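Visitor: The following comprises the amino acid sequence and a computationally predicted model.
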Amino acid sequence: MAFVLLTGCSTSSNGDNLPTRDPAVAATAPAPTAAPAGEVTPLGTPIAGLFAEASTGRLTALDVGTSKSSTLLVIDPAKLAGTPSVDAVSLPAPGVAISQGKPGEVLIPAAKRILRVDLATRAVTEVPVAGDARSVQYLDDGRLLVGTADGKVRTLSPQGAVVSTVDGLASADALTYTDHRVTVLDRRQTSVTEIEPGKDGLGLSLRAGDGATTMISDRFGRILVTDTAGGELLVFSAAPLVLRQRFPVNSSPYALAYDQRSDTVWVTCTQSNEVVGFDLSTGIPKEVGRYATVRQPNSVTIEQRTGDMFVGSATGDGLQRIRADDRKRGH
(Lines give C-alpha, C1' and ligand atoms only; values in the text may rest on other atoms or scores of the structure.)
Protein backbone atom coordinates (compact mmCIF):
# COMPACT_ATOMS: atom_id res chain seq x y z
CA MET A 1 0.00 0.00 0.00
CA ALA A 2 1.28 3.45 -0.86
CA PHE A 3 0.78 6.50 1.33
CA VAL A 4 0.57 10.20 0.49
CA LEU A 5 2.86 11.99 2.88
CA LEU A 6 4.74 15.23 3.43
CA THR A 7 3.74 16.81 0.16
CA GLY A 8 4.13 20.49 -0.54
CA CYS A 9 6.79 23.11 -0.06
CA SER A 10 9.39 23.40 2.63
CA THR A 11 8.42 25.29 5.75
CA SER A 12 10.23 28.48 6.64
CA SER A 13 10.51 27.91 10.39
CA ASN A 14 13.97 27.71 11.87
CA GLY A 15 14.99 25.32 14.63
CA ASP A 16 18.25 27.11 15.47
CA ASN A 17 16.75 29.34 18.18
CA LEU A 18 14.69 26.73 20.01
CA PRO A 19 15.25 26.09 23.72
CA THR A 20 17.23 22.87 23.92
CA ARG A 21 19.25 20.68 26.24
CA ASP A 22 22.23 18.43 25.65
CA PRO A 23 20.78 15.12 24.44
CA ALA A 24 20.42 12.52 27.17
CA VAL A 25 22.67 9.47 26.85
CA ALA A 26 22.81 6.02 28.37
CA ALA A 27 24.34 5.87 31.84
CA THR A 28 27.79 4.35 32.13
CA ALA A 29 27.21 0.80 33.32
CA PRO A 30 29.00 -0.59 36.38
CA ALA A 31 30.77 -3.93 36.34
CA PRO A 32 28.12 -6.70 36.27
CA THR A 33 27.18 -8.28 39.58
CA ALA A 34 25.23 -11.18 38.05
CA ALA A 35 25.88 -13.55 35.17
CA PRO A 36 23.94 -12.58 32.02
CA ALA A 37 20.80 -14.61 31.39
CA GLY A 38 20.70 -16.94 28.41
CA GLU A 39 23.71 -17.35 26.12
CA VAL A 40 26.49 -14.89 25.29
CA THR A 41 28.50 -14.99 22.06
CA PRO A 42 31.75 -12.98 21.88
CA LEU A 43 31.90 -10.72 18.83
CA GLY A 44 35.21 -9.00 19.57
CA THR A 45 33.83 -5.48 19.17
CA PRO A 46 31.54 -3.07 21.05
CA ILE A 47 28.01 -3.00 19.65
CA ALA A 48 26.47 0.42 19.05
CA GLY A 49 23.25 -0.76 17.37
CA LEU A 50 21.35 -4.01 16.91
CA PHE A 51 18.47 -4.92 14.61
CA ALA A 52 16.74 -8.11 13.40
CA GLU A 53 15.73 -7.84 9.74
CA ALA A 54 12.11 -8.93 9.39
CA SER A 55 12.08 -11.12 6.27
CA THR A 56 15.32 -13.07 6.80
CA GLY A 57 15.64 -13.07 10.59
CA ARG A 58 19.27 -12.07 10.21
CA LEU A 59 20.74 -10.00 13.01
CA THR A 60 22.65 -6.88 12.10
CA ALA A 61 25.01 -5.26 14.57
CA LEU A 62 26.68 -1.89 14.12
CA ASP A 63 30.08 -1.47 15.72
CA VAL A 64 31.22 1.74 17.40
CA GLY A 65 33.46 2.52 14.41
CA THR A 66 35.82 5.42 13.87
CA SER A 67 35.40 9.00 12.72
CA LYS A 68 35.57 7.87 9.08
CA SER A 69 33.97 4.42 8.86
CA SER A 70 32.20 1.63 10.69
CA THR A 71 31.33 -2.03 10.22
CA LEU A 72 28.01 -3.81 10.02
CA LEU A 73 28.05 -7.39 11.29
CA VAL A 74 25.51 -9.70 9.63
CA ILE A 75 24.77 -12.64 11.91
CA ASP A 76 22.82 -15.85 11.38
CA PRO A 77 21.08 -16.46 14.74
CA ALA A 78 20.74 -20.15 13.90
CA LYS A 79 24.54 -20.43 13.82
CA LEU A 80 25.64 -18.71 17.00
CA ALA A 81 26.75 -21.82 18.87
CA GLY A 82 30.39 -22.84 18.51
CA THR A 83 31.95 -20.74 15.77
CA PRO A 84 29.29 -18.11 14.99
CA SER A 85 28.34 -17.27 11.40
CA VAL A 86 29.26 -13.57 11.20
CA ASP A 87 30.00 -11.55 8.06
CA ALA A 88 31.56 -8.09 8.36
CA VAL A 89 30.38 -5.45 5.89
CA SER A 90 32.58 -2.34 5.69
CA LEU A 91 30.62 0.90 5.63
CA PRO A 92 31.99 4.06 3.99
CA ALA A 93 30.86 6.30 6.87
CA PRO A 94 30.10 5.92 10.58
CA GLY A 95 26.56 4.60 10.97
CA VAL A 96 24.16 6.06 13.52
CA ALA A 97 21.40 3.41 13.75
CA ILE A 98 19.82 0.50 11.88
CA SER A 99 16.26 0.22 10.59
CA GLN A 100 14.19 -1.90 8.24
CA GLY A 101 14.38 -1.24 4.51
CA LYS A 102 12.64 -3.22 1.80
CA PRO A 103 12.53 -6.99 2.49
CA GLY A 104 16.08 -8.30 2.90
CA GLU A 105 17.57 -4.84 3.36
CA VAL A 106 18.56 -2.62 6.27
CA LEU A 107 19.00 1.15 6.25
CA ILE A 108 21.71 3.03 8.13
CA PRO A 109 21.68 6.83 8.53
CA ALA A 110 25.11 8.45 8.29
CA ALA A 111 26.74 11.78 7.49
CA LYS A 112 25.17 13.22 4.31
CA ARG A 113 23.76 9.87 3.22
CA ILE A 114 21.59 6.84 3.90
CA LEU A 115 23.38 3.52 3.49
CA ARG A 116 21.33 0.67 2.04
CA VAL A 117 22.72 -2.79 2.79
CA ASP A 118 21.41 -5.83 0.89
CA LEU A 119 21.77 -8.74 3.31
CA ALA A 120 21.82 -11.35 0.54
CA THR A 121 24.66 -9.84 -1.48
CA ARG A 122 26.19 -7.62 1.26
CA ALA A 123 26.18 -4.79 -1.32
CA VAL A 124 26.14 -1.25 0.07
CA THR A 125 24.59 1.61 -1.88
CA GLU A 126 24.35 5.26 -0.88
CA VAL A 127 21.44 7.67 -1.05
CA PRO A 128 22.72 11.27 -0.78
CA VAL A 129 21.12 13.47 1.90
CA ALA A 130 21.51 17.20 2.49
CA GLY A 131 22.71 17.20 6.08
CA ASP A 132 23.73 14.53 8.55
CA ALA A 133 21.07 11.81 8.67
CA ARG A 134 20.08 10.68 12.16
CA SER A 135 17.00 8.55 11.39
CA VAL A 136 15.28 6.86 8.48
CA GLN A 137 11.90 5.20 7.90
CA TYR A 138 11.09 3.05 4.87
CA LEU A 139 7.60 3.56 3.41
CA ASP A 140 5.61 0.87 1.67
CA ASP A 141 5.76 2.63 -1.69
CA GLY A 142 9.57 2.71 -1.65
CA ARG A 143 10.03 6.27 -0.44
CA LEU A 144 12.34 7.11 2.44
CA LEU A 145 11.58 9.44 5.29
CA VAL A 146 14.85 10.92 6.62
CA GLY A 147 15.48 12.95 9.78
CA THR A 148 18.60 15.07 10.08
CA ALA A 149 20.74 16.47 12.87
CA ASP A 150 19.54 20.02 12.15
CA GLY A 151 15.87 19.15 12.67
CA LYS A 152 14.65 18.61 9.11
CA VAL A 153 12.45 15.75 7.96
CA ARG A 154 12.71 15.00 4.24
CA THR A 155 10.76 12.63 2.06
CA LEU A 156 12.83 11.06 -0.71
CA SER A 157 11.42 9.36 -3.79
CA PRO A 158 12.40 5.73 -4.48
CA GLN A 159 15.05 7.20 -6.80
CA GLY A 160 16.43 9.43 -4.02
CA ALA A 161 15.02 12.79 -5.15
CA VAL A 162 13.74 15.16 -2.47
CA VAL A 163 9.94 15.23 -2.58
CA SER A 164 9.41 17.58 0.37
CA THR A 165 11.05 19.01 3.47
CA VAL A 166 9.59 19.94 6.84
CA ASP A 167 11.75 21.83 9.34
CA GLY A 168 11.37 23.58 12.68
CA LEU A 169 12.83 20.96 15.05
CA ALA A 170 16.19 21.08 16.80
CA SER A 171 17.02 17.51 15.70
CA ALA A 172 15.12 14.59 14.17
CA ASP A 173 16.62 11.61 15.99
CA ALA A 174 13.99 8.89 15.49
CA LEU A 175 10.94 8.41 13.27
CA THR A 176 7.83 6.26 13.35
CA TYR A 177 4.93 5.99 10.92
CA THR A 178 1.63 5.00 12.55
CA ASP A 179 -2.03 5.75 11.87
CA HIS A 180 -1.00 7.72 8.75
CA ARG A 181 1.07 10.08 10.89
CA VAL A 182 4.79 10.60 11.15
CA THR A 183 6.07 11.06 14.69
CA VAL A 184 9.51 12.58 15.27
CA LEU A 185 11.63 12.30 18.41
CA ASP A 186 13.71 15.39 19.09
CA ARG A 187 16.33 14.54 21.72
CA ARG A 188 17.53 18.12 22.05
CA GLN A 189 14.03 19.34 22.91
CA THR A 190 13.07 16.00 24.56
CA SER A 191 9.82 16.08 22.61
CA VAL A 192 7.70 14.07 20.20
CA THR A 193 6.04 15.87 17.28
CA GLU A 194 3.48 14.82 14.67
CA ILE A 195 3.65 15.57 10.97
CA GLU A 196 0.30 15.12 9.29
CA PRO A 197 -0.02 13.76 5.75
CA GLY A 198 -0.35 16.45 3.13
CA LYS A 199 0.85 19.18 5.49
CA ASP A 200 4.06 21.14 4.97
CA GLY A 201 4.62 22.01 8.64
CA LEU A 202 4.85 20.49 12.07
CA GLY A 203 1.75 19.32 13.90
CA LEU A 204 1.05 18.71 17.57
CA SER A 205 4.13 18.48 19.79
CA LEU A 206 4.37 17.07 23.33
CA ARG A 207 7.17 17.02 25.85
CA ALA A 208 8.66 13.54 26.31
CA GLY A 209 9.92 13.54 29.88
CA ASP A 210 13.19 15.05 31.07
CA GLY A 211 15.54 13.50 28.52
CA ALA A 212 14.09 11.14 25.90
CA THR A 213 16.50 9.01 23.88
CA THR A 214 14.77 6.16 22.01
CA MET A 215 11.45 5.75 20.21
CA ILE A 216 9.76 2.81 18.45
CA SER A 217 6.18 1.88 17.55
CA ASP A 218 4.23 -1.34 18.04
CA ARG A 219 1.68 -3.22 15.94
CA PHE A 220 -1.20 -1.32 17.55
CA GLY A 221 0.19 2.06 16.52
CA ARG A 222 1.39 3.01 19.98
CA ILE A 223 4.55 5.08 20.21
CA LEU A 224 6.99 3.92 22.89
CA VAL A 225 9.65 6.27 24.24
CA THR A 226 12.34 5.93 26.88
CA ASP A 227 12.79 8.95 29.09
CA THR A 228 16.35 8.12 30.09
CA ALA A 229 16.92 11.19 32.24
CA GLY A 230 13.56 10.83 33.99
CA GLY A 231 13.69 7.05 34.40
CA GLU A 232 10.35 6.32 32.71
CA LEU A 233 8.71 4.44 29.86
CA LEU A 234 6.28 6.69 27.98
CA VAL A 235 3.46 5.38 25.77
CA PHE A 236 1.79 7.73 23.28
CA SER A 237 -0.99 7.27 20.77
CA ALA A 238 -0.97 8.92 17.36
CA ALA A 239 -3.73 10.75 15.46
CA PRO A 240 -4.03 12.65 17.73
CA LEU A 241 -0.77 12.59 19.64
CA VAL A 242 -1.63 11.88 23.30
CA LEU A 243 0.45 10.62 26.22
CA ARG A 244 -1.50 7.54 27.33
CA GLN A 245 0.77 5.85 29.85
CA ARG A 246 3.90 6.53 31.82
CA PHE A 247 5.64 4.00 34.01
CA PRO A 248 8.69 4.28 36.28
CA VAL A 249 11.57 2.09 35.13
CA ASN A 250 14.57 3.79 36.79
CA SER A 251 18.20 2.65 36.29
CA SER A 252 18.61 4.75 33.12
CA PRO A 253 16.15 3.10 30.67
CA TYR A 254 17.59 3.35 27.17
CA ALA A 255 17.11 0.87 24.30
CA LEU A 256 13.70 -0.51 23.28
CA ALA A 257 12.39 -3.59 21.48
CA TYR A 258 8.85 -4.83 20.98
CA ASP A 259 7.74 -8.49 20.95
CA GLN A 260 4.59 -8.48 18.84
CA ARG A 261 3.63 -12.05 19.74
CA SER A 262 3.32 -11.32 23.47
CA ASP A 263 2.61 -7.57 23.23
CA THR A 264 5.60 -6.91 25.45
CA VAL A 265 8.03 -4.01 25.28
CA TRP A 266 11.56 -4.67 26.53
CA VAL A 267 13.66 -1.85 27.95
CA THR A 268 17.37 -2.01 28.72
CA CYS A 269 18.60 -0.37 31.93
CA THR A 270 22.24 0.56 31.58
CA GLN A 271 22.68 1.65 35.19
CA SER A 272 21.89 -1.87 36.43
CA ASN A 273 22.85 -4.06 33.42
CA GLU A 274 19.30 -5.39 33.07
CA VAL A 275 16.52 -5.73 30.52
CA VAL A 276 12.96 -5.36 31.78
CA GLY A 277 9.74 -6.44 30.03
CA PHE A 278 6.38 -4.70 30.32
CA ASP A 279 3.06 -6.18 29.19
CA LEU A 280 1.02 -3.42 27.51
CA SER A 281 -2.10 -5.46 26.75
CA THR A 282 -4.17 -4.23 29.71
CA GLY A 283 -3.63 -0.52 29.13
CA ILE A 284 -1.37 -0.20 32.16
CA PRO A 285 2.26 -1.37 31.80
CA LYS A 286 2.87 -4.44 33.99
CA GLU A 287 6.37 -5.78 34.59
CA VAL A 288 6.55 -9.37 33.35
CA GLY A 289 10.27 -10.11 33.27
CA ARG A 290 13.65 -8.84 34.40
CA TYR A 291 16.97 -10.33 33.31
CA ALA A 292 20.64 -9.64 33.92
CA THR A 293 22.43 -8.55 30.74
CA VAL A 294 25.88 -8.12 29.33
CA ARG A 295 27.61 -4.95 30.44
CA GLN A 296 26.39 -1.66 28.94
CA PRO A 297 23.24 -2.96 27.17
CA ASN A 298 22.83 -0.05 24.76
CA SER A 299 20.94 -2.06 22.14
CA VAL A 300 18.23 -4.72 22.08
CA THR A 301 16.13 -6.36 19.37
CA ILE A 302 13.53 -9.13 19.00
CA GLU A 303 13.70 -11.67 16.18
CA GLN A 304 9.96 -11.72 15.56
CA ARG A 305 9.75 -15.15 13.95
CA THR A 306 11.12 -16.92 17.03
CA GLY A 307 10.53 -14.28 19.70
CA ASP A 308 14.16 -14.59 20.83
CA MET A 309 15.64 -11.44 22.32
CA PHE A 310 19.17 -10.22 21.62
CA VAL A 311 21.09 -7.65 23.66
CA GLY A 312 24.32 -5.97 22.53
CA SER A 313 27.14 -4.85 24.79
CA ALA A 314 28.59 -1.42 24.00
CA THR A 315 31.74 -2.34 25.94
CA GLY A 316 32.57 -5.37 23.82
CA ASP A 317 31.22 -8.02 26.22
CA GLY A 318 29.36 -9.83 23.48
CA LEU A 319 25.95 -10.57 22.01
CA GLN A 320 23.40 -11.99 24.45
CA ARG A 321 20.50 -14.23 23.47
CA ILE A 322 17.52 -14.79 25.77
CA ARG A 323 15.25 -17.31 24.13
CA ALA A 324 11.48 -16.83 24.08
CA ASP A 325 10.89 -20.25 25.64
CA ASP A 326 13.24 -19.43 28.51
CA ARG A 327 11.40 -16.15 29.14
CA LYS A 328 8.10 -18.04 29.32
CA ARG A 329 9.59 -20.37 31.93
CA GLY A 330 11.00 -17.44 33.88
CA HIS A 331 14.63 -18.51 33.42
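Guide: Looks like it arrived, so ask away. Note that the structure is a prediction, hence the values are computed from the model and not measured.
Visitor: Shouldn't Ala78 be within a strand?
Guide: No: according to DSSP: H, G, I helix; E, B strand; the rest coil, Ala78 belongs to no strand; its state is helix.
Visitor: Now do the contacts for it.
Guide: Ser85 (CB atoms under 8 Å, 6 or more residues apart in numbering). Bear in mind the C-beta positions are built from the backbone N, C-alpha and C, glycine included.
Visitor: run the last query once more with 6 Å
Guide: With contacts taken as CB atoms under 6 Å, 6 or more residues apart in numbering, Ala78 has no neighbouring residues.
Visitor: From Asp308, how far off is it?
Guide: Using CB to CB, to the nearest Å, we find Ala78 at a distance of 10 Å from Asp308.
Visitor: what's near enough to touch Tyr254?
Guide: If a contact means CB under 6 Å, 6+ apart, then Tyr254 has Ala26, Thr213, Thr226, Thr228, Thr268, Thr270 as its contacts.
Visitor: quick one: pLDDT of the third one?
Guide: Think Thr226. Here the pLDDT value assigned to Thr226 is 98.
Visitor: Shouldn't it be within a strand?
Guide: Yes: counting by three-state DSSP, Thr226 is located in a strand.
Visitor: what about the nearest residue to Arg219 once chain neighbours are set aside, neighbour count?
Guide: Nearest residue to Arg219, sequence neighbours excluded (CB to CB, 6 or more residues apart in numbering): Gln260, at 4.9 Å. The criterion is other CB atoms under 10 Å. On that basis, Gln260 has 12 neighbouring residues.
Visitor: And Gln260, how close does it get to Glu194?
Guide: Counting by CB to CB, the separation of Gln260 from Glu194 is 23 Å.
Visitor: got it, and Asp317?
Guide: Asp317 is 38 Å from Glu194, where distance means CB to CB.
Visitor: Okay, and the residue nearest to Ser90 when sequence neighbours are not counted sits in which element?
Guide: Leaving out its chain neighbours, the residue that sits closest to Ser90 by CB to CB, 6+ apart is Thr71, at 5.9 Å. Assigned by DSSP states H and E, Thr71 falls within strand 70-75.
Visitor: same check, this time on Lys328
Guide: Mapping Lys328 onto the secondary structure by DSSP H and E places it in helix 324-329.
Visitor: Identify each buried residue in the strand holding Thr71, please.
Guide: Ser70, Thr71, Leu72, Leu73, Val74, Ile75 (16 or more other CB atoms under 10 Å).
Visitor: Downstream of that strand, the next helix or strand is which one?
Guide: Past strand 70-75, heading to the C-terminal end, the next element that is a helix or strand (DSSP H and E) is strand 86-91.
Visitor: Quick one: name whatever helix or strand follows the helix or strand encompassing Val300.
Guide: Val300 is part of strand 297-303, with elements assigned from DSSP H and E. Secondary structure here is assigned by DSSP H and E; on that basis, the next helix or strand after strand 297-303 toward the C-terminus is strand 308-313.
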